[in-house]
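Engineer: Got a predicted structure here, sequence first:
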Amino acid sequence: MLYPLFDLLARDPGAFLLTLPVVVFVMGGAILSAITVHEFGHALVARSLGDATAQRLGRVTLNPLAHLDPLGTLMLLVVGLGWGKPVPVNPFLLRHGRAGMALVSGTGPLANFLTAALLAIPVKLGVIPLSLSLAAALRDPGDIAGLLLTLYSYAILYNMLLGLFNLIPLPPLDGSKVLLGIAPSELALRLSKWEAYGPIIFVGIIAADALLNTRILGSILGPAVRWLSQVLTGASFA
């Protein structure tokens with residue numbers, strides 16, 4: 001998010017100071033909404049399936065402060081890729097065994113998709129227009145209605161993005177836990193042996209995208225975001 005602004009800071013500090021609050025408000029607010037409902041979904045379903053660990057830690061809440069990870073939030077603000085505070089889950093307390101863990105893991109992305117779908121209803125009906133142009137918001141930062149509209153639009157986008165991103169079946173993302181939960185026991189056992197390598201592969205993909213412009217994540221998420229945005233809003237997000 002803020003990384004592209006560093007060049008502006010070097011060229012025009014005054015313009016940077018005017019731009020920074022708008023970008024943080026719009027992008028930060030949208031990402032905050034996505035992280036909050038995602039982690040709340042995990043905590044709520046874990047409690048419903050018998051594990052009260054997250055409830056005891058105050059995580060069954062829509063208070064964003066309960067779900068923010070300091071480093072993950074900083075990374076989100078600076079580069080647009082970060083994480084919330086993981087919801088602690090004790091799989092031995094969950095009903096339904098591996099399937100219970102799959103339900104807990106899958107509910108985070110599902111909560112994001114439901115949030116995006118609800119926010120998209122007035123857009124689909126033509127009541128609220130989409131406004132994904134930060135440039136327009138920056139031209140008139142005093143236009144509060146315009147800023148809120150841009151925040152609203154980006155909240156739809158980031159809820160879709162976070163949900164789709166977490167469904168990638170690569171540890172430590174939710175998709176890997178869903179896959180382990182629904183796979184036959186023998187296959188799940190073989191897959192679990194690769195869990196330790198997931199974060200290494202994940203970091204390697206991010207590094208390749210950043211340093212070599214391989215656009216691996218973009219090629220995975222781009223078509224899915226365009227399809228889902230078309231279904232939910234009637235417009236295909238770039």
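Structural biologist: In hand now; what should we look at?
Engineer: tell me the contacts of the spatially most central residue of the chain?
Structural biologist: Taking CA atoms, centre = their mean, the centroid of the chain lies closest to L162, which sits 2.4 Å from it. Contacts for L162 (CB atoms under 8 Å, 6 or more residues apart in numbering) come out as I31, A34, I35, H38, P109, N112. (C-beta placed from N, C-alpha, C; glycine too.)
Engineer: Give the helix, strand or coil label for the second one.
Structural biologist: Following DSSP: H, G, I helix; E, B strand; the rest coil, A34 is assigned to helix.
Engineer: Near L32, how many other residues are there?
Structural biologist: Close neighbours of L32, defined as other CB atoms under 10 Å, add up to 19.
Engineer: S105 is in contact with P172, isn't it?
Structural biologist: No - applying CB atoms under 8 Å, one finds S105 not in contact with P172, separated by 10.4 Å.
Engineer: Who has more neighbours out of those two?
Structural biologist: Shown here are S105 and P172; by other CB under 10 Å, S105 has more neighbours (27 against 13).
Engineer: Look up how far S229 lies from that one.
Structural biologist: From S105 across to S229, the span is 24 Å (CB to CB, to the nearest Å).
Engineer: From P223, how far off is the nearest residue to A116 once chain neighbours are set aside?
Structural biologist: Spatial nearest neighbour of A116, chain neighbours left out: N159 (3.9 Å); criterion: CB to CB, 6 or more residues apart in numbering. For N159, the distance to P223 equals 18 Å [CB to CB].
Engineer: just A52 next, same as before
Structural biologist: For A52, the distance to P223 equals 40 Å [CB to CB].
Engineer: out of those two, which sits in the more crowded spot?
Structural biologist: Neighbours were counted for A52 and for P223 using other CB under 10 Å; A52 has more, 13 against 10.
Engineer: Can you tell me how far that one is from L164?
Structural biologist: Distance from A52 to L164, by CB to CB: 30 Å.
Engineer: Show me what secondary structure element comes after the longest helix anywhere in the chain.
Structural biologist: Looking across the chain with DSSP state H, the single longest helix is helix 97-124. Note on helix 97-124: by DSSP states H and E, the next helix or strand toward the C-terminus is helix 134-139.
Engineer: Mind giving me the packing neighbours of that next one?
Structural biologist: Under the contact definition 3 or more CB pairs under 8 Å, 6 or more residues apart in numbering; DSSP states H and E, helix 134-139 sits against helix 13-23, helix 144-166.
Engineer: Report the rounded mean pLDDT for the last one.
Structural biologist: By that I understand helix 144-166. What helix 144-166 shows for mean pLDDT is 92.
Engineer: Stretch 63-78 now?
Structural biologist: Across stretch 63-78, pLDDT averages out at 82.
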